[in-house]
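1. need coordinates for the following:
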Amino acid sequence: MSQHKVVLLLGSNIGDKKNNIDAALDKLKNVGEILKNSEYLTSAPVEFVSSNNFCNIATIIFTHFSPIQLLNYIKKIEAEMGRINDSKISGGYADRIIDIDIVKFNDLKFTSERLEIPHKKHLYEREFSKILLKDFI
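-> Numbers count the residues shown, from 1 in each chain. I've put the predicted structure just below:
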């Protein structure tokens, strides 16, 4: 079984945001080793209106999981932590207790209904992502 190097972005804009991210990072230890975390960054919501700013972090993990296995585990973490709406299902963004996105998975290019790797919006469009990822990509 091979190790995969994965870059994730985590964000929260409800409740104790930093604590929410730390709890999600702790749960991610079940899928592999966390290699590196960025600094926390506060940013305004992107692509929707809210008075709640986000706390965000980038992380690099090593995992044996496939992209879909990892996505399924991430969705499980989000649901366990109380995330109700999924933007892929609802068709739009909303406030959320936790959001975990797979940005890169090795050098894989992968597209399905549920997942696109690399995550182009985070890599090329969103300023907060570019700041967090500058030392990770």
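2. scan the chain for its longest helix.
-> helix 67-80 (DSSP state H).
3. excluding its backbone neighbours, what's nearest residue 37?
-> residue 59 (4.9 Å; Cβ to Cβ, 6 or more residues apart in numbering). (Glycine included, C-beta is placed from N, CA and C.)
4. from residue 17, how far off is that neighbour?
-> In this view, residue 59 and residue 17 are 15 Å apart by Cβ to Cβ, to the nearest Å.
5. residue 136 now?
-> 20 Å.
6. ok, these two, which is more surrounded?
-> Neighbour totals were compared for residue 136 and residue 17, and residue 17 leads with 20 against 17 (other Cβ atoms under 10 Å).
7. ok, now which ones touch residue 57?
-> Residues counted as contacts of residue 57 (Cβ atoms under 8 Å, 6 or more residues apart in numbering) are 9-11, 21, 25, 37-41, 132.
8. can you tell me the element it falls in?
-> strand 54-63 (DSSP states H and E).
9. can I get that strand as PDB, trimmed to CA atoms?
-> What follows is strand 54-63, C-alpha atoms only, in PDB (Å, rounded to 0.1, in the frame of the first residue of the first chain):
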ATOM      1  CA  PHE A  54     -13.900  32.200   8.300                       C
ATOM      2  CA  CYS A  55     -10.900  30.700  10.200                       C
ATOM      3  CA  ASN A  56      -8.900  28.700   7.600                       C
ATOM      4  CA  ILE A  57      -5.800  26.400   7.600                       C
ATOM      5  CA  ALA A  58      -4.000  24.300   5.100                       C
ATOM      6  CA  THR A  59      -2.500  21.000   6.000                       C
ATOM      7  CA  ILE A  60      -0.500  18.300   4.300                       C
ATOM      8  CA  ILE A  61      -1.200  14.600   5.200                       C
ATOM      9  CA  PHE A  62       0.200  11.300   4.100                       C
ATOM     10  CA  THR A  63      -2.500   8.700   3.700                       C
END
